[in-house]
Structure formats: structure tokens, C-alpha cells
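In: Predicted model follows, preceded by the sequence.
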Amino acid sequence: QVQLVESGGGLVQAGGSLRLSCVASGRTFSPYIMGWFRQAPGKEREFVAAIRWSGPSTYYAGSVKGRFTISRDNAKNTVYLQMNSLKAEDTAVYYCAGNGRTYYRAQEYDYWGQGTQVTVSS
């Protein structure tokens, strides 16, 4: 079994930055795709960004492209989400997801973290 643990959420003013981390532990970890999703109150979970575990490919939702950057450290089994120029509409619980087969479909991921709250004040 694989466990994913997110950290780095918090309260930030609009225009500020946060970096989320997701550490994977458990059995040998070699996922196909790692992703970040978010869910705001009263809304469905939505895709934010994803990265292939090998190779350079990254994917972003249109709403965060140019502001957020996903990266990974394979040696540390860690995925990061650098969030810049944050907006009030970025407020949500952010979830790390592991071993996705299609980067933007939440149901295609096998593992999920518990989530970390990001609140952006305007």
C-alpha cells in the first residue's frame, strides 16, 4: 500500500505564493503519473496539475497555467506544487494523487492524500 501525505497549505493574501509538497511512502513507488487536484466548498474536485514520474511531461489546468508549477524529486518520492500569484478563487482543499493513468481524470488515480487547505484572502 502507498500513503501520500501533503503539506504546505495555509492562509495567504492574494498575489502571494505557497509551495505544497506530497511525500509518498509504503511499498516500492513507481507511479505513471502524479497529480494535484483541488476541491472548493460546494464544488466538484477538479484537476490542477500533473507530472509523469519519468520524463519531462507536465500538464496544467487552464486556470492555473502560468501561475502554478509542478515538479518532482524521484529520489525523495516527493511531488511539489509551486503556486504563485494566488487568487481568492484558488481557495480549496488541495489533494495529491498517485499512479494516474489519465492525467486529468480523478477516477484514474489509485492513491490519494488527505488534503491540505489553501485559503487565499482578497
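Out: That came through, no problem.

In: so the residue lying closest to residue 105 once chain neighbours are set aside bridges to which residues?
Out: Closest residue to residue 105 apart from its sequence neighbours, by Cβ to Cβ, 6 or more residues apart in numbering: residue 47 at 7.7 Å. The C-beta positions use only the backbone N, C-alpha and C, and glycine is treated the same way. In this structure, residue 47 has beta-bridge partners residue 37, where bridges are defined by DSSP bridges.

In: is it true that residue 47 touches residue 39?
Out: No - distance between residue 47 and residue 39: 10.9 Å, which falls outside the contact criterion (Cβ atoms under 8 Å).

In: residue contacts, the residue most central in space within the chain?
Out: Nearest to the mean C-alpha position of the chain, counting by Cα atoms, centre = their mean, stands residue 36 at 2.4 Å. When contacts are counted by Cβ atoms under 8 Å, 6 or more residues apart in numbering, residue 36 touches 20, 22, 48, 49, 50, 70, 79, 81, 94, 95, 96, 97.

In: pull the CA atoms of the helix or strand hosting the last one into CSV?
Out: Element membership of residue 97 [criterion: DSSP states H and E] is strand 92-98. In CSV, the C-alpha atoms belonging to strand 92-98 read as follows (Å, rounded to 0.1, in the frame of the first residue of the first chain):
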residue,chain,number,x,y,z
ALA,A,92,-9.7,25.0,-1.8
VAL,A,93,-8.5,21.7,-0.3
TYR,A,94,-5.7,20.5,-2.4
TYR,A,95,-5.2,16.8,-2.8
CYS,A,96,-2.2,14.8,-4.1
ALA,A,97,-3.0,11.8,-6.2
GLY,A,98,-0.8,8.9,-7.3
